[in-house]
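> Compute the structure for the input listed below.
(chains A and B)
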There are 2 protein chains.
Amino acid sequence: MLISDLGEGGLLKLIQPYCLPNTIGDDGAIVHPPAGYELIITTDVLVDGVHFSDRTTTAFDVGWRSVAANLSDLAAMGATPLGITVGLSLPPTLPVVWLEGLYQGMQACLERYETGIIGGDLTRSSVATVAITALGAVRRDRVIARSTAQVGEAIVVTGYHGDSHAGLQLLLDPELGKADLQGHQQALITAHQRPQPRLDILPILDRLRSATSRALTISGMDSSDGLADAIVQICQASKVGARLDRSTIPISPSLSQIFPATALASALYGGEDFELVLCLPASSALELVENIGRGAAIIGNIGRSPDIILIDDLTDEPPIQLDRQSGFQHF
Amino acid sequence: MLISDLGEGGLLKLIQPYCLPNTIGDDGAIVHPPAGYELIITTDVLVDGVHFSDRTTTAFDVGWRSVAANLSDLAAMGATPLGITVGLSLPPTLPVVWLEGLYQGMQACLERYETGIIGGDLTRSSVATVAITALGAVRRDRVIARSTAQVGEAIVVTGYHGDSHAGLQLLLDPELGKADLQGHQQALITAHQRPQPRLDILPILDRLRSATSRALTISGMDSSDGLADAIVQICQASKVGARLDRSTIPISPSLSQIFPATALASALYGGEDFELVLCLPASSALELVENIGRGAAIIGNIGRSPDIILIDDLTDEPPIQLDRQSGFQHF
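Next comes the predicted model:
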């Protein structure tokens, strides 16, 4: 059955069960902001053929990834989700099962992070487009910004980098369909298809703050556009530089096993790992990394010089200057 | 110059001046909700070839209309805007002047209602798509919902209906380019191209509440999908019926002059007039209509029977049962 067979009324009936109760039915949805909290709002648009395709992404995964990208932006600001709106444009020739898969994927990711759909719009288009806006809340004194990193602070990443990009490479490989997937390959593909926004880091940061006698300002962003891009953006916004140690960049066993030659490039420039890149005083950074566990690492320090340099103590290779050039450009 | 010539960095530089200061630059924008207020969030998607086309709508008007539609949804909930996010998908072959016109139109409408752009996303697509999410605030006891209309209440519309649809008919008329536009024709076209969200009604409602000894619950929605659709939706949500008087439906002098035969159909089913349809006690309704002035009218009453009937006292024509069938269907 196609979208056009169902009609607008049928479509709305299909979508309604995926929305939180008592949110749909008026011109807008009502949100109750907790007193003393800031609201964070973030928007992401995914377009068929640009951000996903049938070749690499099922409808379920498109749903999961579109929600994950938005929740990751909230996590990057220190905010807990209050809900999302979904602005959907669909070709009338699209099969209804695709739409169901999309909402099932969105719901699976939303339920995992204890939030839901509170509104949206549905319209016809020649290209399937998913525009999601997420709303979150964060205590006024706990907002994570890019522009507040201080000289001397440690740079922490919350997990492995490069797996998502490597997983996409595998999905685009025409030989792969014939091969038996090994554990490492499947792990990389899963990293690409089901990224996990790091909302689980927020309670760890709260405990860290409670245990610290002074007020603890944490700076940072997510690494959705690549680890190098995140560090460059934080440095530019904070008017500082950074010195990173190549050997500390967390690369998963799967990535080094399957793509030994390109693992570092994937980690720096691959993007879509949806980890957090955080800057904070060195003593707290060490405790943070220990509390996060697997994949988390201190990868360098914020410096006064505007340079952003990757050094290699192990092999004596010359330092590399990081930039945003190699990242994903939309136009 | 085309979008593809400018590149992503150039595009962001072009867009940034249109955003409110200190909102862009992090993974999400920060919004300060006023204490004791509810937040309202609403999303609208406009697609090239579906909701607008070069034939009837300049880039400026696409921008104006996309903002107006969202602000109208906020007004319909009783909420004052806090800001919007813009999720934009653009073909690389689009001229840059179109993008500039779009943002100029959005800004003109936003400035008129004292709000602005606080975030967004920008991506490539084969179809220009504008997905806007608007955020607003309303005092907890002043939310306007569809589901609270009471038997005996008067139904008020805040202005003329049918002009926008008539304006679109004129724009689609191939003869019109050759003709000299008269005042009435231009008025209808302007109604289509530059709809005015009725945020100006909210302070009038506040004064009405202050002047009323009892708590005043006002129900309703906007008439973006047509006046008949709005009344049917309010009645269904409130589990009531309505009796409308044909002679009271406000039709502008321009509409009755240019389209005498189809004026009523345009008013009932045309849509995109972005007026408010409000239900409240009869005594307050009269005062409201007097305070709004031009075009505002009491068009009927909420009744116990589930029927929604348009009666005609002047010509003794048989009553018409209203439904949503004739409204705009997206699929």
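
> Which residue ranges of chain A form helices?
A:3-15, A:59-76, A:96-112, A:163-172, A:183-193, A:201-211, A:227-238, A:253-258, A:263-269, A:282-292 (DSSP state H).

> any idea which of the ones you listed scores lowest on pLDDT?
If these are sorted by mean pLDDT, helix A:3-15 sits at the bottom with a mean of 87.

> Could you dump the helices of chain A into a markdown table and include distance to chain B and mean neighbour count?
To be clear about C-beta, it is placed using only N, CA and C from the backbone, and glycine gets the same treatment. What follows is the helices of chain A, written out as a markdown table (distance: least, Cβ to the nearest Cβ, whole Å; neighbours: other Cβ atoms under 10 Å in any protein chain shown):
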| stretch | distance to chain B | mean neighbour count |
| --- | --- | --- |
| helix A:3-15 | 5 | 15 |
| helix A:59-76 | 4 | 26 |
| helix A:96-112 | 11 | 19 |
| helix A:163-172 | 17 | 23 |
| helix A:183-193 | 19 | 19 |
| helix A:201-211 | 14 | 16 |
| helix A:227-238 | 6 | 23 |
| helix A:253-258 | 25 | 19 |
| helix A:263-269 | 15 | 22 |
| helix A:282-292 | 19 | 16 |
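
> Redo those as a markdown table? Include distance to B:Pro306.
Listed next are those as a markdown table, based on distance: least, Cβ to Cβ, whole Å:
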| stretch | distance to B:Pro306 |
| --- | --- |
| helix A:3-15 | 18 |
| helix A:59-76 | 37 |
| helix A:96-112 | 31 |
| helix A:163-172 | 54 |
| helix A:183-193 | 48 |
| helix A:201-211 | 49 |
| helix A:227-238 | 57 |
| helix A:253-258 | 62 |
| helix A:263-269 | 62 |
| helix A:282-292 | 58 |
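
> tally of neighbours for A:Asp245?
Other residues lying near A:Asp245 total 17 when counted by other Cβ atoms under 10 Å in any protein chain shown.

> Mind listing the residues bridging to it?
Beta bridges link A:Asp245 to A:Ile311, judged by DSSP bridges.

> So it versus A:Ala263, what's the distance?
Using Cβ to Cβ, to the nearest Å, A:Asp245 is found at 16 Å from A:Ala263.

> got the contact list for A:Pro319?
A:Pro319 is in contact with A:309-312, counting by Cβ atoms under 8 Å, 6 or more residues apart in numbering or on different chains.

> Okay, it and A:Leu268: tell me how far apart.
According to Cβ to Cβ, A:Pro319 and A:Leu268 sit 14 Å apart.

> Overlap in contacts, the two.
Here A:Pro319 and A:Leu268 share the contacting residues A:Leu310, scored by Cβ under 8 Å, 6+ apart.

> surely A:Asn70 meets A:Thr133?
Yes. Using Cβ atoms under 8 Å, A:Asn70 makes contact with A:Thr133 at a distance of 7.4 Å.

> shared neighbours of the two, anything?
A:42-43, A:84.

> top of these by neighbour count?
A:Ile84 (31 neighbours).

> ok, that one touching A:Thr115?
Yes. Counting by Cβ under 8 Å, A:Ile84 touches A:Thr115, with 7.1 Å between them.

> Can you pull the residues that touch both of these two?
When Cβ under 8 Å, 6+ apart defines a contact, no residue borders A:Ile84 and A:Thr115 alike.

> quick one, what contacts the nearest residue to A:Gly78 once chain neighbours are set aside?
Residue nearest to A:Gly78 in three dimensions, not counting chain neighbours: A:Ile144, with 4.0 Å by Cβ to Cβ, 6 or more residues apart in numbering or on different chains. Counting by Cβ under 8 Å, 6+ apart, A:Ile144 touches A:76-78, A:138, A:218-221, A:278.

> Just the pLDDT for A:Ile144.
Reported pLDDT for A:Ile144: 96.

> Quick one, grab the pLDDT at the residue most central in space within chain A.
Central residue of chain A (Cα atoms, centre = their mean): A:Phe274, 2.8 Å from the mean position. Here, the pLDDT recorded for A:Phe274 equals 97.

> And the one 5 residues further on, by the same measure?
We note a pLDDT of 98 for A:Cys279 in this prediction.
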